[in-house]
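Peer 1: Using only what follows, build the 3D model:
(one chain, ligands or ions: 2)
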Amino acid sequence: MATYKRILLKLSGESLMGEKQYGIDEKRLAEYAAQIKEIHEMGIQTGIVIGGGNIFRGLSGANKGFDRVKGDQMGMLATVINSLALSSALVAAGVKARVLTAVRMEPIGEFYNKWKAIECMEAGEVVIMSAGTGNPFFTTDTGSSLRGIEIEADVMLKGTRVDGIYTADPEKDPTATKFHDITYDEVLKRGLKVMDLTATCMCKENNLPIIVFDMDTVGNLKKVMQGEEIGTLVHN
Ligand SMILES: Nc1ncnc2c1ncn2[C@@H]1O[C@H](COP(=O)(O)OP(=O)(O)OP(=O)(O)O)[C@@H](O)[C@H]1O
Ligand SMILES: O=c1ccn([C@@H]2O[C@H](COP(=O)(O)O)[C@@H](O)[C@H]2O)c(=O)[nH]1
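Peer 2: Numbering: from 1, shown residues only. Ligands and ions are numbered 1, 2, ... in the order given. All right, here's what the predicted structure looks like:
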């Protein structure tokens, strides 16, 4: 039984690499598409934002001598590449999918607006909102919170490679312990870096709950949608 009518799913670009060092792992892509198909078949309206860290990040480009704004634009284009790949995998799995872009680039994708996104989801399409916010100095976490609020999602799901929010980065600190749930204020006070702080603030101010969970384990997305408490819930 689905507990949510409409969701915003944020996928990690880095996770899309799978076992690779760079780019897109076809197996991981197909697994993501299959998981999304499962919840789409439950009747859940699904909006998606995907990161670009498997291809390019503006900040790392700045370290290599790129102008920061151009680097961020390259990063936003990286999210468009991932979005196109995901839409292609979804269509191959038999799911109608559409890519909208935060920067005009027809015919690659239609220019995003809230009403178009909602109309398409209500008509049974999975909508992938690409190019982040369209502005430099942001991330796709912030793009996700923005789009989640705009499309009036019931929840923002951050599907990543860790299974929730910990007291410290679990990939660096083996003594870190996991939160079952946590308030936005506590995430901000502790400076927990699983999501950027701008995104957390936006969700707090607009009362959009966040669930952080491990998307790389097949079947988890459906479990979260069925109400299984396998990740960490962030709430007021
Ligand atoms: N307190 C914490 N709890 C859980 N994870 C944390 C924490 N602090 C840092 N992290 C790290 O945050 C990462 C999750 O970020 P993730 O890779 O999904 O997003 P991202 O960097 O925005 O991805 P992309 O930009 O590629 O889309 C985890 O892999 C984890 O190592
Ligand atoms: O609104 C946005 C979103 C993203 N960017 C740039 O893209 C890369 C990739 O996004 P990730 O969230 O890191 O996966 C990001 O590092 C920024 O450089 C942006 O400028 N504006």
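Peer 1: In the protein, where is pLDDT below threshold?
Peer 2: 1-2 (pLDDT under 70).
Peer 1: Spatially nearest residue to the residue of it found nearest ligand 1, not counting backbone neighbours?
Peer 2: Proximity of the chain to ligand 1 (C-beta to the nearest ligand atom) peaks at Gly51, 1.9 Å away. Glycine gets a C-beta too; all of them are placed from N, C-alpha and C. With sequence-adjacent residues excluded and distances taken as C-beta to C-beta, 6 or more residues apart in numbering, Gly51 is closest to Gly13, at 3.4 Å.
Peer 1: list the contacts for the closest residue to Val187 other than its chain neighbours?
Peer 2: Of all residues not flanking Val187 in the chain, Thr200 sits nearest, at 5.3 Å (C-beta to C-beta, 6+ apart). Taking C-beta atoms under 8 Å, 6 or more residues apart in numbering as the criterion, Thr200 is in contact with 145, 184, 187-188, 210, 234.
Peer 1: what sits against the residue of the chain closest to ligand 1?
Peer 2: Gly51 touches 10-14, 79, 82, 139-141, counting by C-beta under 8 Å, 6+ apart.
Peer 1: contacting residues for Gly219?
Peer 2: By C-beta under 8 Å, 6+ apart, the residues touching Gly219 are Gln35.
Peer 1: Distance check, it against Glu228.
Peer 2: Applying C-beta to C-beta, to the nearest Å, the value for Gly219 to Glu228 is 10 Å.
Peer 1: repeat for Ser60
Peer 2: Applying C-beta to C-beta, the value for Ser60 to Glu228 is 35 Å.
Peer 1: Equivalent analysis for Gly148, please.
Peer 2: Taken as C-beta to C-beta, the span from Gly148 to Glu228 is 21 Å.
Peer 1: Who has more neighbours out of those two?
Peer 2: Set side by side, Gly148 and Glu228 give different neighbour counts by other C-beta atoms under 10 Å, the larger being at Gly148 (29 against 11).
Peer 1: So that one sits against Ile48, correct?
Peer 2: No. Under the criterion of C-beta atoms under 8 Å, Gly148 makes no contact with Ile48, lying 10.6 Å away.
Peer 1: that's a strand at Leu16, yeah?
Peer 2: No. With DSSP: H, G, I helix; E, B strand; the rest coil as the criterion, Leu16 is helix rather than part of a strand.
Peer 1: Much appreciated, bye for now.
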